[in-house]
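J.: Model the structure of this input:
(one chain, ligands or ions: 3)
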Amino acid sequence: MSPEPAESDERLRVAIETAQAAGRLLLRRFEGELRIETKTSEADLVTQADREAEALVLERLRAAFPGDAIVAEESGEVVRAPGPCWYVDPLDGTTNFAHRFPHFSVSIAAFDGELGLVGVVHDPTRDETFFARRGHGAWLRSPRHDAQRLRVTEVDRLDRSLLATGFGYDRPRGGNVAELGRVVRRARGVRRAGSAALDLSYVAAGRLDGFWEYCLQPWDWAAGVVLVREAGGEVQTMHGEAWTLRGPSVCACGPRLRAPLQAVLRDEQAT
Ligand code: IPD
Ligand code: CA
Ligand code: CA
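T.: Ligands and ions are numbered 1, 2, ... in the order given. Model (predicted):
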């Protein structure tokens, strides 16, 4: 296997460069004045930076891959085409961004149907780029060190696990609270950092042992799922069914933690 697969695949190369360019735009906006609007509720925000970053990403993907389809968070289905489909979240972690909490990302993935081809998640604040290509592993590149191969953890006990979750805008307030309550009593720690794409990247990188959430959208989790799978992790729904781009939920973790984590999420006896 090539130690550095990024330049050998055109989709991956363009996705990395595009995510990093969008990340630079987000950082410039993060340091200036923000224009914030609400979408479906006071909890569901969009900023001018979301829209500008999305325009940058769409322009580059359309120019590089005119035969590919594109689905993007702020614009919906932009291009319908028979080729692979790009899923674009130009700013994952908008609530963090709007509150100047420095934890957010750009998430770009290409799928052929339900088959993940490439996934890229870029963290502009830390200048870390997580990327994966089907069959070529998951990697992390940052200016501080050469590209490193990512692996999920071998942790098999909840009481030794650090986990993450999130709370979507679409579910009634309180959705996932019962699950959180059960897991938090058993796990070493649970984080809610506010970017599902980074949560999944951290599972791939072994910084987290697992992640679960209900009802995300395809652009939220597509890239992260490619990363976790290429890092040797397992991705299913919270109830142990096959995961699809439409969910309806995700449970991503190292292979040894899947059974104990899902048992607690399903409210079965587990330690
Ligand atoms: C949100 C983040 C968050 C998750 C929400 C998502 P957005 O995406 O990924 O971590 O809990 O469910 O909607 O709106 O910031 O792109
Ligand atoms: Ca998102
Ligand atoms: Ca977003």
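
J.: ok, and does stretch 221-233 reach over to ligand 2?
T.: No - figure legend: stretch 221-233 not in contact with ligand 2 (Cβ under 5 Å from the ion); closest approach 8.4 Å. Where C-beta positions appear, they are placed from N, C-alpha and C, glycine not excepted.

J.: Sorry, wrong one. I was asking about stretch 73-89.
T.: Yes - using Cβ under 5 Å from the ion, a contact is recorded between stretch 73-89 and ligand 2, made by Asp89.

J.: Next one, pLDDT for the residue of the stretch 101-250 of the chain found nearest ligand 1 please.
T.: Relative to ligand 1, the nearest point of the stretch 101-250 of the chain is Gly166 (2.5 Å; Cβ to the nearest ligand atom). With respect to pLDDT, Gly166 has a value of 96.

J.: What residues does it make contact with?
T.: Contacts of Gly166 were listed using Cβ atoms under 8 Å, 6 or more residues apart in numbering, and they are 176, 192, 194, 196, 199, 213, 216.

J.: Out of those residues, list just those in strands.
T.: Residues from the contacts of Gly166 lying in strands, with DSSP state E as the criterion: Glu213.

J.: Give me the phi and psi angles of the nearest residue to Arg160 once chain neighbours are set aside.
T.: Distances taken as Cβ to Cβ, 6 or more residues apart in numbering place Arg188 nearest to Arg160, at 5.8 Å, with adjacent residues excluded. For Arg188, the backbone dihedrals are phi -70, psi -40 (criterion: degrees, to the nearest 10).

J.: Also Glu10?
T.: Recorded main-chain torsions at Glu10 are phi -60, psi -40, according to degrees, to the nearest 10.

J.: What does the pLDDT read for the spatially closest residue to Arg256 that is not a sequence neighbour?
T.: Taking Cβ to Cβ, 6+ apart as the measure, Arg256 lies nearest to Asp156, with 3.6 Å between them; neighbours along the chain are not counted. Looking at Asp156, its pLDDT is 98.

J.: And for Gly175?
T.: Model confidence at Gly175 (pLDDT) stands at 83.

J.: again with the one 4 residues further on
T.: Predicted confidence (pLDDT) for Glu179: 95.

J.: and whichever helix or strand Leu58 is part of, which residues are buried?
T.: Element membership for Leu58, per DSSP states H and E: helix 48-64. By 16 or more other Cβ atoms under 10 Å, the buried positions in helix 48-64 come out as 49-58, 60-61.

J.: can I get the CA coordinates of that helix in CSV?
T.: Once non-C-alpha atoms are left out, helix 48-64 reads as follows in CSV (Å, rounded to 0.1, in the frame of the first residue of the first chain):
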residue,chain,number,x,y,z
GLN,A,48,-22.4,33.9,5.7
ALA,A,49,-19.3,31.7,6.1
ASP,A,50,-21.3,28.5,5.6
ARG,A,51,-22.6,29.9,2.3
GLU,A,52,-19.3,31.3,1.1
ALA,A,53,-17.4,28.1,1.9
GLU,A,54,-20.1,26.0,0.1
ALA,A,55,-19.9,28.2,-3.0
LEU,A,56,-16.1,27.7,-3.1
VAL,A,57,-16.4,23.9,-2.7
LEU,A,58,-19.1,23.6,-5.3
GLU,A,59,-17.3,25.7,-7.9
ARG,A,60,-14.2,23.5,-7.5
LEU,A,61,-16.0,20.1,-7.6
ARG,A,62,-18.1,21.1,-10.6
ALA,A,63,-15.0,22.2,-12.5
ALA,A,64,-13.0,19.1,-11.7
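
J.: Give me the contact list for that helix.
T.: Contacting residues not belonging to helix 48-64 are listed as 10, 14, 17-19, 21-22, 25-26, 29-30, 34-35, 68, 70, 72-75, 78-79, 86, 88, 90-91, 94, 97, 106, 108 [Cβ under 8 Å, 6+ apart].

J.: does any bit of the next helix-or-strand element following it sit next to ligand 3?
T.: Under the assignment DSSP H and E, the closest C-terminal helix or strand after helix 48-64 is strand 69-72. No - counting by Cβ under 5 Å from the ion, ligand 3 has no neighbours in strand 69-72; the shortest distance is 9.4 Å.
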